[in-house]
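Q: this is a predicted model, with the sequence first.
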Amino acid sequence: MTRAIRDRYALEREIGRGAFGSIWVARDLQLGRDVALKLLSGNARGGRDARAPFEQEAWAAAQLRSPHIVQIYDLGVEGDQPFIVMELLEGETLETRLHRHPRLPLSVVVGIVGDIAKGLATSHRASIVHRDVKPSNVFLAREGGREIAKLLDFGVAMGGQHAAGSATGASARSAGARSAGARSALVGTPQYMSPEQFRGAAIDARADLWALAILAYQMLTGAHPFQRDGLDAPRDGLEALRDAVCSSAFRPASGRCPELPASVDAFFARAFAEPASERFRSAEEFASEFIGLASREAEPVLRLLFVDDEPDMQFLVRQRFRQLQKNDKYELIFATDAELALDELRRRPDIDVVLTDLNMPGMDGLTFLSHVPAANPFARVVVVSAYSDMANIRAAMNQGSFDFLGKPIDFEDLARTIEKCGRHVRALRQMLQSGEENDILKAMVGRGMADRLINSVRANDNLRLESFEAAVAFVDVHGFARTLEHLPPEAIFEHLNAHFSLFVPELLARGGTVSRFVGDAVMAFFEGSDYLNRAVEACLAIRDRLRMLNTDGSPQSGRYGVTMGLDAGTVFAGGAGSLAMGRLEPSLVGGAVSTAARLQGMARNHELLVSARVQAIIAPHYRCELDESRSLASAEGASPVARVVGREVADDFREGPRTTPLSFAS
C-alpha cells in the first residue's frame with residue numbers, strides 16, 4: 001500500500017539515500033504534480049539539534065528564488081519524522097557526471113560554472129553563504145530541452161535570520177544566530193574549504209567562490225588543485241591538504257592539461273589567492289572572468305553598416321553603441337540610401353553586417369538586398385522594418401536576409417542579433433585561403449564571382465579549406481517521423497531538443513565537434529589522437545544514457561530512442577552553398593561522411609552500426625557482431641555492416657595512454 005505523508009504526498013519510489021535521510025519521488029495529491037520528498041532518517045530524528053541542518057536546508061533554500069537553486073515547496077513533520085518537499089529534477093549530479101567524464105571541455109565547463117555562479121549570486125545577495133559547494137551538491141537538470149545547473153543542500157548554510165548549527169549542532173533557530181561574515185566552525189567538506197574555513201576565521205561569500213574555483217579546476221583537469229596524486233591516508237591527507245590550501249600551493253591547470261591556455265592559469269591564480277582580499281569579490285565577477293576564458297582570444301571588430309533615411313537614426317544608434325565602441329567591439333558605418341550603401345560595400349569588403357530599412361527613397365530595400373551579394377559576398381543583411389510589413393519581410397527572407405527586427409528597435413534584441421550574425425560571418429571568413437581549393441570554388445560558382453569572393457577574404461586575412469583524418473558519427477532520434485504525425489509543433493521541437501540536449505554533451509565531453517544538425521540527426525566528427533575510440537565511446541555513452549532513462553520509471557520512460565552510424569577516414573572541410581543567394585556555410589564532405597549517414601539510416605533503435613573496415617580496427621577493444629542481413633554497396637561490391645555491442649570487459653579506456661591508438665593514421 002502506498003504511504004502518504006500528511007494525506008497529501010503519496011510516496012512512489014526511493015531515488016536516493018544518504019547519512020541524514022532518503023529522497024523519494026512523491027505525488028502531490030492536492031496540486032496533481034510529482035515532487036521530490038526528503039525524509040530525515042530514523043537515527044537522526046531525535047532532538048532539535050539533530051534536526052537543525054535539515055530545517056536549515058529548507059529555510060535557506062526557501063528564501064531564494066533562482067532557476068539555479070532547487071526550489072522548496074513545503075516543510076513539516078509526519079509523526080516524529082521531518083520532511084522537505086522540493087521540485088523534482090530530471091538529470092544527474094555533477095558528481096555522477098564527473099565519474100563518467102573526469103574531464104570536460106572548457107566550453108561545457110563555462111556553462112556549468114556560469115549557472116552555479118548565478119545561484120550563488122542570488123544566495124549571497126540574501127546574505128546566505130552555502131559553505132558546502134561540491135559536485136554532489138550541484139545537479140545538472142534537464143529543463144525545456146536544455147541542461148542547467150542547480151545548487152542543492154543548504155544544510156550547513158549560514159546567514160540571514162537563521163544559521164546552521166556549529167560543529168556541536170546548535171539549533172538553527174537559536175538566539176544569536178550568526179550572520180555571514182561571522183566566525184565559523186569547521187563545517188563543510190574539507191576538499192572544498194577555503195583557507196578561512198580551515199583556520200576557523202570569519203568567512204563570507206568568497207568561501208563559496210573558493211569552492212566554485214575548485215569545481216571549475218576539477219572539471220577542466222580531472223584532478224584536485226591542492227591534493228597530491230595518490231594521497232590516501234586520512235590524517236596525513238587532511239593535514240597536507242590544509243597546509244597546501246592555506247599556503248595557496250596549487251598546481252597550475254596547464255601543468256596537468258597543457259592544451260589549456262595561460263589565461264586559465266592566471267584565472268586560478270586569482271581565484272586561489274591568499275589573502276582573500278586579492279580574490280574575486282563577487283560571484284558575478286567570478287563568472288564574468290571565467291566565461292571570458294572561452295573567448296579570450298581577441299575577436300575582430302564587427303563592422304556594421306546602417307542603411308536608413310531617417311535623420312535621427314544615426315544619432316540614436318551612435319548614442320546606444322557609444323559604450324561598446326569604447327571597447328573597440330564595433331565600427332559603425334552609415335548610409336542614407338541604398339546606392340550609397342552599395343558604394344560602401346564595394347569600398348569596404350570588410351563590412352560584416354548590414355542593417356537596412358525596406359522603405360527608402362530611390363532604390364527600395366528589396367532591390368538593394370538583391371545587389372548585396374555581388375558587392376560583398378560575405379556581408380549578412382538584417383532587415384529592420386515595421387512588423388506590419390510582413391509581405392516584404394517574407395520576400396526579404398526569401399532573397400537571403402539573415403534575420404529581421406521590428407521598429408521601434410529593441411536595442412537588446414539588436415545587440416543579440418548582431419552578435420549572432422557576426423559569428424556567422426566570421427565562420428564564413430575563416431574558410432577560404434589556399435590556392436588549391438580556390439580552383440574547386442571557381443568550378444562551383446564561376447570564376448568571376450569566385451575571384452571577388454577570394455580577393456575580399458584575402459584582404460581581410462581569413463578563410464581556409466582543409467582535409468584531415470577523422471571519425472564521423474550521425475546520431476538520429478529514433479522514430480521521430482511518428483512524432484510528427486500526432487504532436488503540435490511546440491511539442492515536436494521540445495521532443496527533438498530533449499534528445500539533442502542528451503546527445504551533444506556526450507559528444508563534446510570526448511572532444512567531438514558538432515558539425516551540423518540535419519533534421520532530427522546530429523552530425524559530429526572527432527579528430528586528433530585516438531579519434532576513433534573517442535567517437536565510439538561517445539556513441540555508447542549516448543546509448544547507455546538513453547537506455548537508463550527508458551528504464552528509470554520516470555514519466556519520461558520510453559520516450560527516448562537513438563540510431564547511430566559511424567565511419568572514419570579522410571574528410572574535407574570547407575564552404576558550400578550559393579553565392580547567388582549570399583550563403584556559404586561550413587561543410588564536411590568525404591566517404592566517411594556519406595557512409596556514416598547510410599549506416600545510421602540502416603540502424604534500429606539503440607544500435608550503433610559501423611563498417612566492416614572500422615569493425616576490424618576496434619575489434620580488440622569492443623564487442624562487435626557482423627550482420628550479414630544488412631550490407632553497404634560500393635564500387636568494390638557489397639560489404640557487411642557490424643553492430644557495436646559494448647566494451648571489452650578487460651579494456652579500461654580511462655586509464656593511461658593507449659599503446660595502439662584507435663585511428664586510421666596509426
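A: In hand now; what should we look at?
Q: rest of the way, CA atoms for contacts and neighbours
A: Fine.
Q: end to end on stretch 344-358, go ahead and measure it.
A: 18 Å (Cα to Cα, to the nearest Å).
Q: what comes up buried for that stretch?
A: Within stretch 344-358, the residues that count as buried by 16 or more other Cα atoms under 10 Å are Glu344, Leu345, Pro349, Asp350, Ile351, Asp352, Val353, Val354, Leu355, Thr356, Asp357, Leu358.
Q: want to throw those into a markdown table with secondary structure, pLDDT and distance to Ala338?
A: Output for the buried residues of stretch 344-358, formatted as a markdown table (DSSP: H, G, I helix; E, B strand; the rest coil; pLDDT from 0 to 100; distance: Cα to Cα, whole Å):
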| residue | secondary structure | pLDDT | distance to Ala338 |
| --- | --- | --- | --- |
| Glu344 | helix | 84 | 10 |
| Leu345 | helix | 84 | 10 |
| Pro349 | coil | 74 | 16 |
| Asp350 | coil | 76 | 18 |
| Ile351 | coil | 85 | 15 |
| Asp352 | coil | 86 | 16 |
| Val353 | strand | 89 | 15 |
| Val354 | strand | 90 | 11 |
| Leu355 | strand | 88 | 11 |
| Thr356 | strand | 87 | 9 |
| Asp357 | coil | 83 | 9 |
| Leu358 | coil | 79 | 10 |
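Q: closest to Ala335 out of the residues you listed?
A: Glu344 (8.0 Å; Cα to Cα).
Q: the spatially most central residue of the chain and Lys407, how far apart?
A: With distances taken as Cα atoms, centre = their mean, Val108 lies nearest the centre of the chain, 4.5 Å away. Look at Val108 and Lys407: by Cα to Cα, they are 36 Å apart.
Q: equivalent analysis for Ser385, please.
A: From Ser385 across to Lys407, the span is 6 Å (Cα to Cα).
Q: equivalent analysis for Asp343, please.
A: Going from Asp343 to Lys407 by Cα to Cα gives 26 Å.
Q: and stretch 630-637, what's its mean pLDDT?
A: Mean pLDDT, computed over stretch 630-637, is 80.
Q: who touches that stretch?
A: For stretch 630-637, the surrounding residues in contact (Cα atoms under 8 Å, 6 or more residues apart in numbering) are Met602, Ser611, Ala638, Ser639, Pro640, Val641.
Q: measure stretch 352-361 end to end?
A: Across stretch 352-361, the terminal residues are separated by 24 Å (Cα to Cα).
Q: other residues contacting that stretch?
A: Contacts of stretch 352-361 (Cα under 8 Å, 6+ apart): 302-309, 337-338, 364-366, 378-385, 392, 418, 421-422, 425.
Q: of the residues you listed, buried ones?
A: Buried among the contacts of stretch 352-361 by 16+ other Cα under 10 Å: 302-309, 337-338, 365-366, 378-385, 392, 418, 421-422, 425.
Q: in helices only, show me those.
A: Per DSSP state H, helices hold the following members of those: Ala338, Gly365, Leu366, Asn392, Ile418, Cys421, Gly422, Val425.
Q: domain assignment for the protein?
A: Domain assignment for the chain by automatic domain parsing gives 4-87, 92-293, 302-429, 465-647.
Q: just how off-centre is the first one within its chain?
A: Here the centre of domain 4-87 is set off from its chain's centre by 30 Å, with Cα atoms, centre = their mean, to the nearest Å.
Q: do the same with the second one
A: Per Cα atoms, centre = their mean, the displacement of domain 92-293 from the mean C-alpha position of its chain is 20 Å.
Q: also stretch 506-519?
A: 12 Å.
Q: and it, how far apart are its ends?
A: 19 Å.
Q: swap in stretch 258-276?
A: OK, stretch 258-276 end separation, Cα to Cα: 28 Å.
Q: need the mean per-residue confidence for that stretch.
A: The average pLDDT for stretch 258-276 rounds to 89.
Q: contact partners of it?
A: Contacts for stretch 258-276 (Cα under 8 Å, 6+ apart): 206, 209-210, 213, 217, 246-248, 252-254, 278-280, 289-290, 293, 296.
Q: go again with 6 Å.
A: Pro252, Ala253, Ser254, Arg279 (Cα atoms under 6 Å, 6 or more residues apart in numbering).
Q: what comes up buried for that stretch?
A: In stretch 258-276, counting by 16+ other Cα under 10 Å, buried: Leu260, Ser263, Val264, Asp265, Phe267, Phe268, Ala269, Ala271, Phe272, Ala273, Glu274, Ala276.
Q: could you look up the SS state of the fourth one?
A: Reducing the assignment at Asp265 to three states with DSSP: H, G, I helix; E, B strand; the rest coil gives helix.
Q: likewise the first one?
A: Secondary structure assignment for Leu260 (three-state DSSP): coil.
Q: distance check, it against Ser288.
A: Distance from Leu260 to Ser288, by Cα to Cα: 18 Å.
Q: re earlier: got phi/psi on the residue nearest to the centre of the chain?
A: Backbone geometry at Val108, expressed as degrees, to the nearest 10, gives phi -80, psi -40.
Q: Gly511 versus that one, what's the distance?
A: For Val108, the distance to Gly511 - Cα to Cα - is 11 Å.
Q: Ala491 too?
A: For Ala491 relative to Gly511 (Cα to Cα), the value is 31 Å.
Q: tell me which of the two has more neighbours.
A: Of the pair Ala491 and Gly511, Gly511 is the one with more neighbours under other Cα atoms under 10 Å, namely 18 against 13.
Q: wait, doesn't Val301 sit right on Lys329?
A: Yes: contact criterion Cα atoms under 6 Å: Val301 and Lys329 qualify, at 5.1 Å.
Q: so Ser467, which state does it fall into?
A: From three-state DSSP, the assignment for Ser467 is strand.
Q: try the one 3 residues further on
A: Judged by three-state DSSP, the three-state class of Ala470 is strand.
Q: residues near it, how many?
A: Counted with other Cα under 10 Å, residues neighbouring Ala470 total 27.
Q: could you do Phe480 as well?
A: For Phe480, the neighbour count with other Cα under 10 Å is 17.
Q: can you give me the strands for the stretch 451-600 of the chain?
A: Counting by DSSP state E, counting those that start in this stretch, the stretch 451-600 of the chain has these strands, from start to end: 466-477, 513-518, 521-526, 562-578, 583-589.
Q: can you pull out the low-pLDDT segments for the stretch 451-600 of the chain?
A: Counting by pLDDT under 70, the stretch 451-600 of the chain has low-confidence residues at 451-466, 483-485, 550-560, 575-586.
Q: looking at this protein, which helix or strand does the model trust least?
A: Least confident element among the helices and strands of the chain, by mean pLDDT, DSSP states H and E: strand 162-163 (a mean of 34).
Q: list the contacts for Leu626?
A: Val641, Ala642.
Q: beta partners for it?
A: Leu626 forms beta bridges with Ala642, as assigned by DSSP bridges.
Q: any idea how far it is from Met564?
A: Taking Cα to Cα, one finds Leu626 at 16 Å from Met564.
Q: quick one: Pro349 from Leu366, how far?
A: Counting by Cα to Cα, the separation of Pro349 from Leu366 is 21 Å.
Q: kindly report the same for Gln197.
A: Going from Gln197 to Leu366 by Cα to Cα gives 65 Å.
Q: over to Phe268?
A: Phe268 is 52 Å from Leu366, where distance means Cα to Cα.
Q: same deal with Gly479?
A: Distance, Gly479 to Leu366, by Cα to Cα: 41 Å.
Q: number of residues surrounding Val110?
A: Per other Cα under 10 Å, the neighbour tally for Val110 reads 21.
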